[in-house]
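>>> Predicted structure and sequence below. I'll ask about it afterward.
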There are 2 protein chains.
Amino acid sequence: MKDLTIFNSLSRKKEIFKPLVEGQVGMYVCGPTVYSDVHLGNVRSFVSFDIIYRYLTFKGYNVRYVRNITDVGHLLDDGEDRVSKRAKLEKIEPMEIVQKYTNGFHNMMRIFNVTPPSIEPRATQHIIEQIEMVQDIIDNGYAYEMNGSVYFDTIKFAEETGKYGELSGRKIDELLQETRDLKNQGEKKHPSDFAIWMKAAENHIMRWNSPWSEGFPGWHLECSVMSTKYLGKTFDIHGGGSDLKFPHHENEIAQNIGSCNCEPARYWMHGNMLLMNGRKMSKSDGNTISPEELFTGDSQHVSKGYSPIVVRFFMLQTHYRSTLDISDEALLAAEKGFSRIKEARAKLDKIVAKASSETPTDKEITSLLEGAVAEMDDDFNTPKALAKLFEVVPKVNGVADGKISAEEISASTIEKAKEIFDGLLIEVFGLQYDEASDGKEGSMDILMDLIIDLRQKVRSDKDWETSDKIRDKLIEAGIQLKDGKDGTSWTMN
Amino acid sequence: MKDLTIFNSLSRKKEIFKPLVEGQVGMYVCGPTVYSDVHLGNVRSFVSFDIIYRYLTFKGYNVRYVRNITDVGHLLDDGEDRVSKRAKLEKIEPMEIVQKYTNGFHNMMRIFNVTPPSIEPRATQHIIEQIEMVQDIIDNGYAYEMNGSVYFDTIKFAEETGKYGELSGRKIDELLQETRDLKNQGEKKHPSDFAIWMKAAENHIMRWNSPWSEGFPGWHLECSVMSTKYLGKTFDIHGGGSDLKFPHHENEIAQNIGSCNCEPARYWMHGNMLLMNGRKMSKSDGNTISPEELFTGDSQHVSKGYSPIVVRFFMLQTHYRSTLDISDEALLAAEKGFSRIKEARAKLDKIVAKASSETPTDKEITSLLEGAVAEMDDDFNTPKALAKLFEVVPKVNGVADGKISAEEISASTIEKAKEIFDGLLIEVFGLQYDEASDGKEGSMDILMDLIIDLRQKVRSDKDWETSDKIRDKLIEAGIQLKDGKDGTSWTMN
């Protein structure tokens, strides 16, 4: 197996990836908090880690991929639980909110062809284990109870272990300074301390018994617990969006070390943000688009709808650690690019190669194909891998169109090209251009072309009986025809 | 709202349904144990309760529908946990098994157009609440601990409350007789006692701390806990397959009464079994078919594949309390029947009614339509409701074909027919014949019927040019025709 390098947020550099157990990878990625529809920025993050999961599998690793569902404990700035607040707004039970938005999330992941993780644990499924970890942290002296809530003592932890701030680059002096500056910090000893168990207010619905109070676990805690439960105390990769680096991931590390004196993940990976038209997406100033609006084109920000597969392709044209800037222009270009590469792949099936031994063209193509895979070994560089495949496209087109002689290419090169195109585009990038459903849609178009032609013919033949039959069957099939000056088009109910 | 009657398994008779809170219904249905692919018998059961859920909603009730996922504690006869055993076989972590088969289950429910429940709790998500209920039952004297496991004392409960056996009809004398007859019953005081908490064997992976041992909750217990948590101690409807009546549901009732001295559900509903060719489905004698085999036709038991929507329609032609006998002949008939009713519905859109006041035909049709809905009020009698709609079909066809004069029917009757057809067929029966994806497959069938007809016509007209065009376009669309003695069939690449 060729070496894979990964940019480790912890060391801030690229490192050669060495899993703890040869051939096996344990990977944890922070999943959604299911209190609202998944937004496009989340989708990008889950697509990025889907590619990482798929590529690790493609390389031959046996990957256990854990991505959680946060259904409790993720608080808003005003201290209210996100799920509870939404439940109050929608006037239903919190678990109905959880169900509704979990279904919606799963549905969107399916639409974007994101592979389900090996295990998708829910926070509320691990309250016992969370209570146990809180107790371990208290026993180790890194947490204290106050009025039924339990807080992680960041200053004590930082002073004793020197480990707080390693991921995010926050300095202990700054933390201490904050402590001196701020007087009003409620029950916490220091402003940087965070709750790992919260006493529930009287009207709070989601609550469980614990040694400290009826309450609920802290959001940071759940990921520490679930990664430990399903991947062990120390595991290979932990991923998430860059917005989770601080405080969420910093606190996860503190909790894991605080409970077992061992570091959790060896490689921390962070995906970058999604922008639109060069700016942060934001509902308040209208610079936002939902996945659904992107598909239907029902938004001022796009000139038309884009299929999920095109959006996925578009996302892969930027490296996961770079900001991705979404715009109509870029989407249109991606749509064209995706068509070009699909067409080239289709042409590969038709080429009859005639070279009897390796030619310079063979060498050039082989080098590009191998280069595409090598780019993936360089911290999952999807845009560069795609660029290499795009360099193969004119060669394929040239041979297919007769501009390059079939004598200049060998059958083995064509086979290799098919293998790498399908391997990267389908298996790793998840761009299932060959799937039945796509096929069916294409076939419908062709059949409808035929029927519109036949209808035209029977009408000019004045065969009204057949014409009526066509009309009736189309109604039955739920299809409407529209005769316009550019011919007849059709839509389906 | 018209009265709805429900056959209550508890009273063994039909009763008028009165929810605890006007306009609101709480319904709990036992979900799957996610350790293997969902089989067709399960599908039938979940389709039945889907119809019940949909019809209650259609009638205007606000329904909270809870259907659980059993991911721990459901033991095999040899006492091994089903999920754990499968995990050993597949050599993966139990929660990976849970994830795999939960995904598979959700996927199959989606294919069969079964509405997701309002809340889908998992057993492992409620270990704390299960421990609490075990403690309540011990405190009330109806359970005893033995070597770290806790058993429900059926005899004491039966003697003191007279409530054990009410649902299944088992008699206390029989239970006592069994106790006297059987000496070897392990840790249990009586053979009818059952575990509500089990001490985990050393090699058992799924385990939690409890006051009695590291162990796991009993299967019966989890449903008592989850129904209580999300619907309250007493709620409206509890459903499940008839195979769950004893011991599962009987023990649920005992646990609920044993913990809170109140009965859980007021109406117990049980779906009946699925047979094939008149016999019980069984893997060992080959009398079995999976949903996938049914769709593809890849089974000795069917002559062709059937679409999920046809299978769903087929299921509705039998009442949920009757055994449903699946056979190729019956499926073929269902497919034809479903086409007939779809065609009639499509014709309704084209009819221009001309009667100016109510006619005898109007009266007859209205009475059938209202009768169809009334049948649903009679314990959800889907086959009788469908039969009433089928009686409307020849009337619609008659008017559409001109055999019944358009003067004999009023526009309001046509509108009512559309409303009831769509209300029952789409909203209640979930036969989304008009949906994009399902619709597309259905539409393909209709378009291909049309093309095969037109091909036949141009061939008998010796119009070889058009015939060639049809041939070429079908090749382009990836469709093969096969001329047989029963006509022409088609398949797609």
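Arrived safely.
>>> Just name the shakiest helix or strand of chain A by mean pLDDT.
helix A:172-181 (a mean of 73; mean pLDDT, DSSP states H and E).
>>> what's in contact with it?
Outside helix A:172-181, the residues that touch it by C-beta atoms under 8 Å, 6 or more residues apart in numbering or on different chains are A:Thr154, A:Ile155, A:Ala158, A:Glu159, A:Gly162, A:Tyr164, A:Gly165, A:Lys189, A:His190, A:Pro191, A:Ser192. For the C-beta atoms, the positions are set from N, CA and C on the backbone; glycine is no exception.
>>> The stretch 51-200 of chain A: strands as residue ranges?
Ranges of strands in the stretch 51-200 of chain A, per DSSP state E, counting those that start in this stretch, are A:62-67, A:143-146, A:149-152, A:194-199.
>>> need those strands in a markdown table with distance to B:Thr102, mean neighbour count and mean pLDDT, can you?
Listed next are the strands of the stretch 51-200 of chain A as a markdown table, based on distance: least, C-beta to C-beta, whole Å; neighbours: other C-beta atoms under 10 Å in any protein chain shown; pLDDT from 0 to 100:
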| stretch | distance to B:Thr102 | mean neighbour count | mean pLDDT |
| --- | --- | --- | --- |
| strand A:62-67 | 14 | 22 | 97 |
| strand A:143-146 | 34 | 18 | 97 |
| strand A:149-152 | 32 | 24 | 97 |
| strand A:194-199 | 29 | 25 | 95 |
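>>> Out of those strands, which gets nearest to A:Ser290?
Closest to A:Ser290 of those is strand A:62-67 (C-beta to C-beta; 21.6 Å).
>>> Could you name the helices and strands sitting against that closest one?
strand A:24-29, helix A:40-58, helix A:219-231 (3 or more C-beta pairs under 8 Å, 6 or more residues apart in numbering or on different chains; DSSP states H and E).
>>> Can I get that strand in PDB? Just the C-alpha atoms.
Output in PDB follows, covering the C-alpha atoms of strand A:62-67 (Å, rounded to 0.1, in the frame of the first residue of the first chain):
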ATOM      1  CA  ASN A  62     -11.100  -2.000   6.900                       C
ATOM      2  CA  VAL A  63     -12.700   1.200   8.300                       C
ATOM      3  CA  ARG A  64     -15.000   1.500  11.300                       C
ATOM      4  CA  TYR A  65     -16.700   4.800  10.700                       C
ATOM      5  CA  VAL A  66     -18.700   6.300  13.600                       C
ATOM      6  CA  ARG A  67     -20.800   9.400  13.000                       C
END
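>>> next one: phi and psi at whichever residue of the stretch 151-300 of chain A sits closest to chain B?
Nearest to chain B, among the residues of the stretch 151-300 of chain A, is A:Trp208, at 5.3 Å (C-beta to the nearest C-beta). Dihedral pair for A:Trp208: phi -140, psi 150, per degrees, to the nearest 10.
>>> Make sure it is actually in contact with A:Lys199.
No - judged on C-beta atoms under 8 Å, A:Trp208 makes no contact with A:Lys199 at a distance of 11.3 Å.
>>> Find residues that contact each of the two.
With C-beta under 8 Å, 6+ apart, A:Trp208 and A:Lys199 have common neighbours A:Glu214, A:Gly215.
>>> dump the residue contacts of whichever residue of the stretch 51-200 of chain A sits closest to chain B.
Here the stretch 51-200 of chain A gets closest to chain B at one residue, A:Gln125, 4.1 Å apart by C-beta to the nearest C-beta. If you count contacts by C-beta under 8 Å, 6+ apart, A:Gln125 has them with B:Arg122, B:Thr124, B:Gln125.
>>> and what of A:Thr491?
A:Ile479, A:Gln480, A:Lys482.
>>> now with 7 Å?
The contact partners of A:Thr491, taken as C-beta atoms under 7 Å, 6 or more residues apart in numbering or on different chains, are A:Gln480.
>>> So A:Glu358: helix, strand or coil?
Under the three-state scheme (DSSP: H, G, I helix; E, B strand; the rest coil), A:Glu358 adopts coil.
>>> Could you count how many residues lie near it?
With neighbours defined by other C-beta atoms under 10 Å in any protein chain shown, the count for A:Glu358 comes to 13.
>>> Look at it and report its pLDDT.
pLDDT, A:Glu358: 94.
>>> where in the stretch 51-200 of chain A is pLDDT low?
A:179-185 (pLDDT under 70).
>>> Lovely, talk soon.
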